[in-house]
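Participant: here is the input, now give the coordinates:
(chains A and B)
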Number of protein chains: 2
Amino acid sequence: MQIDVQITRARIEPWPPPPAGQAVSGAVVEFTGVVRGTENGAPIAALEYEAYDSMALSEMRRLLQELSAQFPCHAVRVIHRVGIVPAGEAAICVRVEAAHRQEAFGLMTTFLDALKRDVPIWKRRALKEPPSAS
Amino acid sequence: MQIDVQITRARIEPWPPPPAGQAVSGAVVEFTGVVRGTENGAPIAALEYEAYDSMALSEMRRLLQELSAQFPCHAVRVIHRVGIVPAGEAAICVRVEAAHRQEAFGLMTTFLDALKRDVPIWKRRALKEPPSAS
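Facilitator: Residues are numbered from 1 along each chain as shown, chains lettered A, B, ... in the order given. The predicted model follows:
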């Protein structure tokens, strides 16, 4: 399985559709996680995501590699944004390509659950100014 | 829930991302069903889809309306192509927007299962020429 994981501080741009190529993948599933304008009923302007980049990347790769045994897919691509993410913008985008939709949805939903639980990326309500490092 | 279902004889073009708007939807899930270049191990050039358009449209709408009680989502958009669909091209695209990913994936996967079972759209291996109506 082809695995491409990235962490970015920039706005996530939509991916172009996968190239038609040899038409081996019958199912393409894409998930975009967007920062909502409210949290627990209160309006928020942004969330701030923080990651241990290298650990988060290697943990995502390890997870996906492991899940590919249970859900054989052709390709998966993940981009997670960190830093301040304004409401209405994407914090994460994941695309899975597989022969059949069952594997694609299986990998996708299991990965997203595990991501929240196991990968060192945290979020909190953003302050108006990015917090100082001191 | 906002429901938009279409049947087309033209190539399906990728949708632009949903407008940021009021940032109520935290999850956007998109599924593209692509015609694969093989079926049961044999290479194929295309599939042909046939539908009772008006029945298929109203049945898709009814199904989605019904599923929105179990999986409350904000919007769902479906486009299904009929006629000859060459390998590598999309036969269907579905986008679900919801506050949370669980409802979005629930609606999506339950809809796709029901679509195959209940909606009058059929597929078969395409002949080189579209079959004559006589």
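
Participant: may I see the buried residues of stretch A:97-112?
Facilitator: Going by neighbour count (16 or more other C-beta atoms under 10 Å in any protein chain shown), the buried part of stretch A:97-112 is A:97-99, A:101, A:103-112. The C-beta positions use only the backbone N, C-alpha and C, and glycine is treated the same way.

Participant: tell me the helix or strand right after the lowest-mean-pLDDT helix or strand in chain A.
Facilitator: For chain A, using mean pLDDT, DSSP states H and E, the weakest element among its helices and strands is strand A:38-39, scoring a mean of 86. Using DSSP states H and E, the helix or strand that follows strand A:38-39 towards the C-terminus is strand A:42-43.

Participant: and that next one, which strands flank it?
Facilitator: Its sheet considered, strand A:42-43 pairs with strand A:38-39 (antiparallel) by DSSP bridges.

Participant: which residues of chain A fall in strands?
Facilitator: Applying DSSP state E to chain A gives strands spanning A:2-8, A:27-34, A:38-39, A:42-43, A:46-51, A:75-81, A:83-86, A:90-98, A:121-125.

Participant: as JSON lines, those with distance to B:Y49 would be great.
Facilitator: JSON lines is the format used below for the strands of chain A (distance: least, C-beta to C-beta, whole Å):
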{"stretch": "strand A:2-8", "distance to B:Y49": "29"}
{"stretch": "strand A:27-34", "distance to B:Y49": "16"}
{"stretch": "strand A:38-39", "distance to B:Y49": "41"}
{"stretch": "strand A:42-43", "distance to B:Y49": "45"}
{"stretch": "strand A:46-51", "distance to B:Y49": "42"}
{"stretch": "strand A:75-81", "distance to B:Y49": "26"}
{"stretch": "strand A:83-86", "distance to B:Y49": "40"}
{"stretch": "strand A:90-98", "distance to B:Y49": "21"}
{"stretch": "strand A:121-125", "distance to B:Y49": "41"}
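
Participant: A:L57 touches A:I7, doesn't it?
Facilitator: Yes. Look at A:L57 against A:I7 with C-beta atoms under 8 Å: they come within range, at 6.2 Å.

Participant: so for the two, which sits in the more crowded spot?
Facilitator: Neighbour count, other C-beta atoms under 10 Å in any protein chain shown: between A:L57 and A:I7, A:I7 has more, with 20 against 17.

Participant: so who does that one touch?
Facilitator: Listed by C-beta atoms under 8 Å, 6 or more residues apart in numbering or on different chains, the contact partners of A:I7 are A:A51, A:D53, A:A56, A:L57, A:I79, A:H80, A:R81, A:V82.

Participant: separate out the buried members of those residues.
Facilitator: Burial by neighbour count, 16+ other C-beta under 10 Å: within the contacts of A:I7 this picks out A:A51, A:A56, A:L57, A:I79, A:H80, A:R81, A:V82.

Participant: out of these, flag the one nearest to B:C93.
Facilitator: Checking the buried ones among the contacts of A:I7 against B:C93 by C-beta to C-beta gives A:I79 as the nearest, at 21.1 Å.

Participant: identify the bridge partners of that closest one.
Facilitator: Legend: beta-bridge partners of A:I79 under DSSP bridges are A:Q6, A:C93.

Participant: that one: what's it in contact with?
Facilitator: Counting by C-beta under 8 Å, 6+ apart, A:I79 has contacts A:V5, A:Q6, A:I7, A:T8, A:I12, A:I92, A:C93.

Participant: hmm, A:A99 is touching A:V24, no?
Facilitator: Yes. Shown here, A:A99 and A:V24 form a contact pair, counting by C-beta under 8 Å, at 6.6 Å.

Participant: so what sits against both of the two?
Facilitator: Both A:A99 and A:V24 are contacted by A:H74, B:R36, under the criterion C-beta under 8 Å, 6+ apart.

Participant: okay then, goodbye and thanks.
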